[in-house]
Structures are given as structure tokens and as C-alpha cells.
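Chemist: build me a model from this:
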Amino acid sequence: MSERRRRIRTGTVFILLTLLLLWGIWLEINAGYRKISPEEIWEILRGKGAEGVRYTLINLRLPRVFTSLLVGVGLAVSGCVIQGVSGNHMAEPGILGINAGAGLFVAGFLVFVPQSPVSLTVLLPLLAFAGSIAVAALDYRLALTRQGISPGRLLLMGVAVSTAVSSVTTILMLRLPDSDHAFVQKWLSGSIWGADWKNVRLLFYCLLILGLFVFYKSRTLNVLSLSDQTAAGLGADVPRQTVILLGAAVAMSGLCCAVGGGLSFVGLVCPHMARRLVGPNFRILVPAAVLTGAVLMTYSDMISRTLLSPNEIPVGIVAAVIGAPYFLYLLIKT
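Modeler: Reported below is the predicted structural model:
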């Protein structure tokens, strides 16, 4: 394929993904009993409109839309980085135990501090993020040897630690009352429960900084996706760059896990979708992963809210159901 045709195809992919995302946002804004017309949205943006409609749009639906969108972006880029650094296209944030660590801290807190003086809405995201970082740090320490750290060993340690932590979480959940047990179970399945403007702003600024850093490191990711010997021969400091990029990936997925629960499948399938659409060059792959993650999570969240309305399905389950057939197709094709 010529360079000109490749650029046209890439541009077309980005335009189609953007249109698909905008359509998904519109559908999710109207995912509820009260439909909101374009005219009403325009009136609200002008500072007018009915107070009830304004409250529904500004305080309920838009925070949910942007939270799910940003969570998808963060997990997709995080998975993209982990797959690139490890050279393993089956790797994703959950394999490092990030979701398991967050679940352990949340379940442990509910068991040992059942009556918290601090609002759980504020405290649980902090606990989830701390659990994610703690388990990732444990993975790193266990994988560290005198020769440094290898991505393969880190992933193996992540699988072992994740399994152990998940087992402890299950034991702790047996001590929870039914209401807390149901909450943790739903959270571990993926649940956009931290949907407010405070979390939207936090996610946006943190993911913007980390995402720009990853994009800046796209050339390094291209080199690291080769063998360690080849990367070292091209002048890359493999151990140092591996730690830096994995740290950025862990921070992104930890933040997303804090407000979105145990969403692991998004970080696995979205990089594959993006790679299939635009190729393996990380300078193009990272922006494509941003869009695929946003699209998948936006539609998944919309379906989770409307399919069995007024009941809500955990969004992680919906994302897995949507992404699994496409992922199986990719495995068969490759």
C-alpha cells in the first residue's frame, strides 16, 4: 500500500471512529426515561431551558457520559502500552493485578471499617487507586533481579499476585453483609459508580498528562515492541524505559479502576481493534486506541443502562459481550 493510500485510510478510520463516538454520546445522553431533544440541549447551553431537564443533563447524564468515555480512553491506552512494552498482545492492565488490588482494598475497608466517618463516595476511589498502585509495586519488587527487570517476568509475577489477591478478596467478601457483598461484586464486574464532575475533571487532567507523555514516547514504544536485543542495539535503555512506561500505564489504569471498577477486557481488546485498523506504529496506534476505547465504553455504558431498565447491568459485562466476538474474529484471522 502506498504512503498516500495509507494516509487516506488512516484519516478515514479516525473520521469514522469520531462520528461513531459522537453518535454514541448522543444515544447515551438520551439513555433514560426522559428523552432530551437537540433543541432542549441548545437552550440549556444558552443558559435557558427547563430546570428539571437542565438538572438531568448537567448533573446526571453528562458526568456519566464523560466518565465512561474517559475510563475507556485510559484503559485502552494503558493496555496499548503494556502490550507494546511486553511484546505480548494478550497482556492488559488486569494481568498486573491492578483490578485485584483495587478490589482487595475496597473489600478490606468495608470489612474492617464498616462505619466510616468519611463519605464512601470520596474514600473508595482513593482506596481503589491505592490498591492498584500497591499491587503493581509488589509485582515490580518481586520481578526485580540483579539483571534488572524483564517484561515477561513482570507479567508472570502479575498473574501470580493477581490470583493470590483475588483469593484473599473472595475470603473477605464472605464476611460482608449482603448489601456490601453485592456492591463489591458489582464493582469488580465493572460499574461506573464514580460519575460526578469532580471525578471527570480529575480523570481528564490526569489522563491528558499521562496520554501526552505516552504519545511523546511513541517512538520508544515502537523500539521496545521489538526484541530486547534489537531495542538495546538501537540505543534504547530497555529496563529504564520499561519501568517508566509501565508506571504511566499503571497510573492510568489505576485511576480508571478507581471510578469504573474492575474493567479489564477494555484494555485487552481495544489495542487489538486499533492495531487492526491503523497498523502497529504507536504514533498512530495510541490516538486510535483513544477512540476505540471511548467508543467501546460509551456504547457499553449506554447498553448497560437501557437493556434491562430500570435495572442496570455491570458495564464490564456488556463491554466483554460486545468485544469478545470481535476479539475471537481477530484471533481466528491471525
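
Chemist: which parts of the stretch 51-200 of the chain are helices?
Modeler: Counting by DSSP state H, counting those that start in this stretch, the stretch 51-200 of the chain has helices at residues 51-55, 62-86, 98-112, 120-143, 151-173, 178-188, 197-216.

Chemist: need those helices in TSV (columns: mean pLDDT and mean neighbour count).
Modeler: The way it works is simple: take the backbone N, C-alpha and C, and place the C-beta from them, glycine included. Converted to TSV, the helices of the stretch 51-200 of the chain look like this (pLDDT from 0 to 100; neighbours: other C-beta atoms under 10 Å):
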stretch	mean pLDDT	mean neighbour count
helix 51-55	80	13
helix 62-86	92	27
helix 98-112	85	25
helix 120-143	83	19
helix 151-173	87	18
helix 178-188	80	17
helix 197-216	92	16
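
Chemist: closest to T298 out of these?
Modeler: helix 62-86 (5.5 Å; C-beta to C-beta).

Chemist: so which elements touch that closest one?
Modeler: If contacts are counted by 3 or more C-beta pairs under 8 Å, 6 or more residues apart in numbering; DSSP states H and E, helix 62-86 sits against helix 3-29, helix 151-173, helix 197-216, helix 218-224, helix 238-260, helix 265-278, helix 282-306.

Chemist: how distant is it from the center of its chain?
Modeler: 4 Å (C-alpha atoms, centre = their mean, to the nearest Å).

Chemist: with stretch 269-278 instead?
Modeler: That offset, for stretch 269-278, works out to 15 Å (C-alpha atoms, centre = their mean).

Chemist: and if you look at stretch 3-15?
Modeler: Distance, stretch centre to chain centre, for stretch 3-15: 26 Å (C-alpha atoms, centre = their mean).

Chemist: next, the buried residues of that stretch.
Modeler: By neighbour count with 16 or more other C-beta atoms under 10 Å, stretch 3-15 contains the buried residues T10, V13, F14.

Chemist: can you check stretch 278-295 too?
Modeler: Under 16+ other C-beta under 10 Å, the buried positions of stretch 278-295 are 278, 281-282, 284-295.

Chemist: contacts for that stretch?
Modeler: 6, 10, 13-14, 17-18, 20-21, 24, 69-70, 72-77, 79-80, 84, 211, 214-215, 218-219, 221-222, 225, 266, 270-271, 273-275, 277 (C-beta atoms under 8 Å, 6 or more residues apart in numbering).

Chemist: nearest the middle, which residue of the chain would you pick?
Modeler: L75 (2.2 Å; C-alpha atoms, centre = their mean).

Chemist: closest one to F129 out of the buried residues of stretch 278-295, please.
Modeler: G293 (18.9 Å).

Chemist: and W42, how far from K48?
Modeler: 9 Å (C-beta to C-beta, to the nearest Å).

Chemist: ok, M252 touching G74?
Modeler: Yes: contact criterion C-beta atoms under 8 Å: M252 and G74 qualify, at 4.4 Å.

Chemist: identify the contacts common to these two.
Modeler: Counting by C-beta under 8 Å, 6+ apart, the common neighbours of M252 and G74 are L207, L210, G211.

Chemist: how near is the second one to P114?
Modeler: Yep, that's L210 we're talking about. 34 Å.

Chemist: got it, and S150?
Modeler: 42 Å.

Chemist: between those two, who's got more neighbours?
Modeler: Neighbour count, other C-beta atoms under 10 Å: between S150 and P114, S150 has more, with 17 against 11.

Chemist: doesn't A143 make contact with that one?
Modeler: Yes: using C-beta under 8 Å, S150 is in contact with A143, at 7.4 Å.

Chemist: now for the helices of the stretch 51-200 of the chain, which one comes closest to T306?
Modeler: helix 62-86 (12.4 Å).

Chemist: how many residues are close by Q229?
Modeler: Q229 has 9 neighbouring residues, counting by other C-beta under 10 Å.

Chemist: next one: V238
Modeler: 22.

Chemist: what's the answer for D237, then?
Modeler: D237 has 12 nearby residues by other C-beta under 10 Å.

Chemist: just the one 5 residues further on next, same as before
Modeler: As a burial measure, T242 scores 22 neighbours (other C-beta under 10 Å).
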